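S.K.: sequence? don't have it. structure:
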């Protein structure tokens, strides 16, 4: 009887921890979803601006936007999978993989920030530079989001 009550308590406690983790992940996923939409829009904006002598910097910025949109989408999918796992060994295995991927995405954003800076320097149109500056700020925000995700 004591063993059954002890097991029941562990299941209830674990369930509460999972619900708390789910709420935390939901907030992070919501922030990521907003950034995913922003990067999708940046890509289309830069594609629209890629005309004449602005083609190269604008097209490069569009590629950057869509690359990061893919990273954000993949991170959201990984968090969805993690959130659906209830078995502690499965969660531990997934946690290792997700942390590695988030680290990769975060490092890759360093390169994307450099590419954005080059686009800002090479453009002659203030509108392209302003949009690229906004995107660079969002790149830093996404990198911070990736680095702040804690999986328990």
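M.R.: That came through fine. In this text the structure is predicted, and so the values were computed from the model without any measurement.

S.K.: and residue 27, which helix or strand is it part of?
M.R.: Using DSSP states H and E, residue 27 falls within helix 2-49.

S.K.: do residue 97 as well
M.R.: Short version: residue 97 belongs to helix 88-122, going by DSSP H and E.

S.K.: run the chain-centre distance for the helix or strand just after that helix.
M.R.: Per DSSP H and E, helix 88-122 leads on to helix 126-148 as the next helix or strand towards the C-terminus. Helix 126-148 sits 12 Å away from the centroid of its parent chain (CA atoms, centre = their mean, to the nearest Å).

S.K.: mean confidence (pLDDT) on helix 126-148, please.
M.R.: Confidence over helix 126-148 (mean pLDDT, whole number) is 96.

S.K.: who does it touch, helix- and strand-wise?
M.R.: Helices and strands touching helix 126-148, as assessed by 3 or more CB pairs under 8 Å, 6 or more residues apart in numbering; DSSP states H and E, comprise helix 2-49, helix 55-84, helix 88-122. Just so you know, the C-beta spots here come from the backbone N, C-alpha and C atoms, and that holds for glycine as well.

S.K.: for the spatially most central residue of the chain, list the residues it contacts.
M.R.: With distances taken as CA atoms, centre = their mean, residue 72 lies nearest the centre of the chain, 3.4 Å away. Residue 72 is in contact with 32, 35, 36, 39, 142, counting by CB atoms under 8 Å, 6 or more residues apart in numbering.

S.K.: can you name the two of those residues that sit furthest apart?
M.R.: 32 and 39 (10.4 Å; CB to CB).

S.K.: contacting residues around residue 106?
M.R.: Counted by CB under 8 Å, 6+ apart, residue 106 has contacts 143, 146, 147.
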